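[1] Have a look; sequence and predicted model below, questions after that.
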Amino acid sequence: MTSGPQIHYKQNRLKQLRAFCHAARTGSVSAAAEQIFLSQPTVSLQIQALERELDTMLFERRGPKIKLTPEGELLYQLAQPLVEGMDKLHETFATHCGRVDQGILNIAAGESTILYILPEPVRRFTAKYPGIELKLHNVTGRDGLAMLRADEVDLAIGSLLEVPDDISYRPIVTFHPKLITPKDHPLANKESITLEDIAPYGLILPPRHLSTWRMVDLVFHRNSIDYEVSLEAGGWEVIKKYVELGMGISIVTDVCLTGEDNLACISLERYFPKRSYGIVLRRGKFLSPQAKRFLEVVDGAFADREVEPHQQTIPEARWESSILT
């Protein structure tokens, strides 16, 4: 009677793979050690033991930073789902037993997403799953992607203009570009607005490093029209307030408009693209049961809302990949 290949249980294999995956994700042995609460020498020894056992080099070492070799990339793709699956075994088992009433869910989002997109899904989710601790991380786009890649959050919600290779993006709702002015402004009663109409008036825009400013600048320069920025202010609520006070006009996405604002709103779809907001995930990430339930709630909350497939809205522009506020 012939026997199949012998499989030897490796007592430390999961520890080694966990150390390897965290080091691969962070690009640093010390950062990996901090995340999994081990000493740096311990993590180094675990990775070295894995390399000896597999008879290959998993990292290129360049001072304090490390980079995956092709063999390391392959192992990371194979090992990451296994490590995440083991780490979340308790939650997954509870789900299959019909219990999704505990645990923690971490979500990264920008301020406007938290203010305008998430209230209804969060209300529904907390009512349905009161035992799950929900943590909303109010972060910039760059920080949100960094948290996703470091597995510090389960998912992110936001607007993504370009999708990096290691990130997946699924739009859930679409909003439209609007010019907002005080109700007594000369442009307030015009049915159709041109860029030439806007140019004489000072614009109130978000900070320069955010995509709204860059998009406005791109559109005006494409049309060879000069424009003026009278005020730079962070946050749509702040911008709306200063427009109401007559300190300028602004170009916004109507995600921030409630219908009760003391503002005149005119469509600018002739010049500016629509903007989608959606689910942002790290490719290959093992979704926790809590995250899956939240996504179900989000889909239900926006089931009747307009949504368009993602596309890069202005192909010639080189956008920094970020979750927008």
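    Done, it's in.

[2] can you pull out the helices in the stretch 1-150 of the chain?
    In the stretch 1-150 of the chain, helices defined by DSSP state H, counting those that start in this stretch lie at 13-26, 29-35, 40-54, 70-87, 89-96, 111-112, 119-128, 141-149, listed in chain order.

[3] Which of these has the lowest mean pLDDT?
    Comparing the helices of the stretch 1-150 of the chain by mean pLDDT, the weakest confidence falls on helix 89-96, with a mean of 66.

[4] low-scoring stretches of the chain, by residue?
    1-11, 90-101, 307-325 (pLDDT under 70).

[5] repeat that for 80
    Within the chain, the stretches falling below the threshold (pLDDT under 80) are 1-12, 62-64, 84-102, 140-141, 161, 209-211, 305-325.

[6] Report the contact partners of Pro200.
    Neighbouring residues of Pro200 by CB atoms under 8 Å, 6 or more residues apart in numbering: Glu228. Any C-beta I mention is one placed from the backbone N, CA and C, and that applies to glycine too.

[7] how close does it sit to Thr194?
    Per CB to CB, to the nearest Å, Pro200 is found 12 Å from Thr194.

[8] now Gln46
    As for Gln46, its distance to Thr194 is 63 Å (criterion: CB to CB).

[9] So which of these two has more stuff around it?
    Legend: neighbour count by other CB atoms under 10 Å for Gln46 and Thr194, higher for Gln46 (24 against 13).

[10] Wait, that one touches Arg13, no?
    No: at 9.9 Å, Gln46 does not count as touching Arg13 under the criterion of CB atoms under 8 Å.

[11] Phi, psi for Ile172 please.
    According to degrees, to the nearest 10, the main-chain angles of Ile172 amount to phi -120, psi -20.

[12] isn't it right up against Val298?
    Yes: with contact defined as CB under 8 Å, Ile172 and Val298 form a contacting pair (6.1 Å).

[13] Mutual contacts of these two, please.
    What both Ile172 and Val298 touch, as defined by CB under 8 Å, 6+ apart, is the set Ile279.

[14] which of the two has more neighbours?
    Neighbour totals were compared for Ile172 and Val298, and Val298 leads with 24 against 19 (other CB under 10 Å).

[15] Now do the SS call for that one.
    In the three-state summary, Val298 is assigned as helix, counting by DSSP: H, G, I helix; E, B strand; the rest coil.

[16] what's the nearest residue to it if we skip its chain neighbours?
    Nearest non-adjacent residue to Val298, counting by CB to CB, 6 or more residues apart in numbering: Pro121, 4.7 Å away.

[17] Would you confirm that that neighbour contacts Ala301?
    Yes: counting by CB under 8 Å, Pro121 sits close enough to Ala301 to count as a contact (4.5 Å).

[18] which residues in the stretch 151-300 of the chain form strands?
    155-160, 167-175, 177-181, 203-205, 229-232, 250-253, 264-267, 275-282 (DSSP state E, counting those that start in this stretch).

[19] Now distance to Glu84 too, for those strands, in JSON lines please.
    Putting these into JSON lines (distance: least, CB to CB, whole Å) gives the following:
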{"stretch": "strand 155-160", "distance to Glu84": "13"}
{"stretch": "strand 167-175", "distance to Glu84": "15"}
{"stretch": "strand 177-181", "distance to Glu84": "39"}
{"stretch": "strand 203-205", "distance to Glu84": "40"}
{"stretch": "strand 229-232", "distance to Glu84": "41"}
{"stretch": "strand 250-253", "distance to Glu84": "34"}
{"stretch": "strand 264-267", "distance to Glu84": "44"}
{"stretch": "strand 275-282", "distance to Glu84": "10"}
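
[20] So for Met86, which of the ones you listed sits nearest?
    Checking the strands of the stretch 151-300 of the chain against Met86 by CB to CB gives strand 275-282 as the closest, at 17.6 Å.

[21] Pull up the pairing partners for the closest one, direction included.
    When pairing is defined by DSSP bridges, strand 275-282 lines up against strand 155-160 (antiparallel), strand 167-175 (antiparallel).

[22] Give me whichever of those is most buried.
    The highest mean neighbour count among those, using mean count of other CB atoms under 10 Å, belongs to strand 155-160: a mean of 26.

[23] Residues contacting that strand, please?
    Counting by CB under 8 Å, 6+ apart, the neighbours of strand 155-160 from elsewhere in the structure are 107-110, 113, 117-118, 141, 144-145, 147-148, 167, 169, 275-281, 287, 291, 294-295, 298, 310, 321-325.

[24] if you set the cut-off to 7 Å instead, what comes out?
    Taking contacts as CB atoms under 7 Å, 6 or more residues apart in numbering, the residues outside strand 155-160 that touch it are 107-110, 113, 117-118, 141, 144, 148, 169, 275-277, 279-281, 291, 323-324.

[25] Please name the bridge partners of Leu155.
    Leu155 has the following beta-bridge partners by DSSP bridges: Ile107.
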